[in-house]
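Asker: Here is the input, now give the coordinates:
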Amino acid sequence: MKQEMSAVLLAWYDLHHRELPWRISPAAAKRGVKPDPYHIWMSEVMLQQTTVAAVKAYFAKFIARWPTVTDLAEAPNEDVMAAWAGLGYYARARNLKKCAEAVAFEHGGAFPDTEEGLRALPGIGDYTSAAVAAIAFNRPSAVMDGNVERVISRLFAIDAPLPGSKPAMKAKVAELTPTDRPGDFAQAMMDLGATICTPKRPACALCPFNHICVALATDEPERFPVKAAKKAKPVRLGAAFIAVDRDGRLLLRKRVESGLLGGMTEVPTTEWTSRQDGETGEEAAPFPADWEAAGSISHVFTHFELRLSIFHTGPIDTPPDHHGFWVPVTELDGQALPTVMKKAIAAAIPTAFSTLKG
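Answerer: So this is what the prediction gives:
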């Protein structure tokens with residue numbers, strides 16, 4: 001039965017797979033075209049907590065700029081962080097660079113071809129190691145992302161709530177994963193969850209598993225996967241200061257390498273963290289000036305919401321002791337500014353960015 005289920009899904013995938021820039025199609029695979037492990041790894045890191053639609057442009061930009069893992073390893077950190085700006089979850093970018101360096105300088109530019117070897121690399125956990133092993137090296141690894149969780153939980157009507165049910169789900173995926181074409185099977189499961197077995201209003205009539213899906217048989221697929229009740233996210237407060245000098249330059253500074261938004265560029269802000277508020281008034285400005293209130297912005301991180309009061313001053317004479325660096329407002333798109341900082345700048349200077357990437 002399990003072999004039949006895998007065969008049914010792979011037949012569906014051959015006809016209905018998504019065309020993705022990092023993916024080798026089933027037809028190309030039959031002609032002997034092999035996936036590029038660098039491309040698979042890059043896409044999997046980018047896709048964590050990010051949509052396929054958002055990742056496509058970033059993937060193309062990174063591959064065009066750094067065609068090999070060695071190119072990426074040799075790139076300046078600042079360039080990688082700037083290219084990543086807007087994708088969020090910036091620890092991924094720092095780990096991307098560290099992993100590239102490990103592959104290039106410790107493994108001769110070749111990715112390990114097993115889950116164990118991949119998991120030993122910086123920033124690669126259980127999911128990414130399984131995905132790269134299966135897709136890039138055709139290892140029979142059990143790959144389980146959010147889409148696969150949804151498919152499996154509905155297929156077998158797994159009632160235990162996430163995240164506690166993950167081990168049981170992964171065991172089911174391992175049972176179903178074939179030794180032949182495990183990479184295509186993993187991608188088929190992801191595609192099925194992304195296009196058919198969607199969170200709301202799944203297209204069950206088109207699903208290759210609709211004749212054996214337990215959740216569909218009970219007419220309640222949207223109840224799965226069962227999730228534990230969410231805790232309300234705490235709200236943190238702070239202030240951000242937008243200063244423009246008479247040469248049309250904006251005051252920026254670099255955050256410390258570790259922690260939230262580590263190594264990224266920011267406007268001066270008060271000392272908020274995920275655990276505590278920062279000051280919210282103009283008395284906390286980086287230097288005395290005629291600061292004016294410019295509204296407020298809100299940005300949601302994984303574990304908390306940040307609300308920043310925005311203050312603006314300028315054009316001003318450049319202060320001699322500014323604790324940062326000045327960048328022309330017209331060149332901000334080239335800076336490693338996370339989305340929360342772009343929002344803060346845009347609140348005071350609406351024309352600062354050609355696009356506000358989120």
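Asker: Distance from the strand or helix carrying L15 to the middle of the chain?
Answerer: Taking DSSP states H and E as the definition, L15 sits inside helix 2-16. Centroid separation for helix 2-16 versus its chain: 28 Å, with CA atoms, centre = their mean, to the nearest Å.
Asker: Enumerate the positions of it that are buried.
Answerer: By neighbour count on 16 or more other CB atoms under 10 Å, the buried set for helix 2-16 is 5-6, 9-10, 12-14. Heads up, the C-betas are built off the backbone N, CA and C, glycines and all.
Asker: Could you check which helix or strand contains V151?
Answerer: helix 146-155.
Asker: ok, and for that helix, which residues are buried?
Answerer: 147-155.
Asker: ok, now stretch 221-237?
Answerer: 221, 224-225, 236-237.
Asker: residues making contact with it?
Answerer: For stretch 221-237, contacts defined as CB atoms under 8 Å, 6 or more residues apart in numbering pick out 149-150, 153-154, 157-165, 169, 197, 199-202, 204, 213, 215, 272-278, 280, 300, 303-309.
Asker: at 7 Å what do you get?
Answerer: Stretch 221-237 is contacted by residues 149-150, 153-154, 157-162, 200, 202, 204, 215, 272, 274, 277-278, 280, 303-307 when judged by CB atoms under 7 Å, 6 or more residues apart in numbering.
Asker: ok, which stretches of this protein are strands?
Answerer: Under the criterion DSSP state E, strands of the chain are mapped to 235-245, 249-254, 265-266, 292-300, 305-316, 325-328.
Asker: nearest to A102, of those?
Answerer: strand 249-254 (24.2 Å; CB to CB).
Asker: who does the closest one touch, helix- and strand-wise?
Answerer: For strand 249-254, the packing partners by 3 or more CB pairs under 7 Å, 6 or more residues apart in numbering; DSSP states H and E come out as strand 235-245, strand 265-266, strand 325-328.
Asker: which residues of this structure score low on pLDDT?
Answerer: Across the chain, the ranges flagged by pLDDT under 70 are 354-358.
Asker: residue boundaries of the helices in it?
Answerer: Counting by DSSP state H, the chain has helices at residues 2-16, 26-30, 37-47, 52-65, 69-74, 77-84, 91-106, 115-119, 126-137, 146-155, 166-176, 182-195, 214-217, 339-348.
Asker: Output the contacting helices and strands for the second one.
Answerer: When contacts are defined as 3+ CB pairs under 7 Å, 6+ apart, helix 26-30 packs onto no helix or strand at all.
Asker: ok, residues contacting it?
Answerer: 13-14, 17, 184.
Asker: How far off centre is it?
Answerer: The mean C-alpha position of helix 26-30 is separated from the chain mean by 28 Å, CA atoms, centre = their mean.
Asker: now could you export just the CA positions of it as PDB?
Answerer: Provided in PDB are the C-alpha atoms of helix 26-30 (Å, rounded to 0.1, in the frame of the first residue of the first chain):
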ATOM      1  CA  PRO A  26      11.200  15.100 -13.800                       C
ATOM      2  CA  ALA A  27      11.700  15.200 -17.600                       C
ATOM      3  CA  ALA A  28      15.200  16.700 -17.200                       C
ATOM      4  CA  ALA A  29      16.100  14.200 -14.500                       C
ATOM      5  CA  LYS A  30      15.200  11.300 -16.900                       C
END
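Asker: quick one: terminal-to-terminal distance for stretch 241-252?
Answerer: 10 Å (CA to CA, to the nearest Å).
Asker: ok, and what's touching that stretch?
Answerer: Residues from elsewhere that reach stretch 241-252, judged by CB under 7 Å, 6+ apart: 265-268, 285-286, 289, 291, 294, 310-318, 322, 324-329, 332, 335, 344-345, 348-349.
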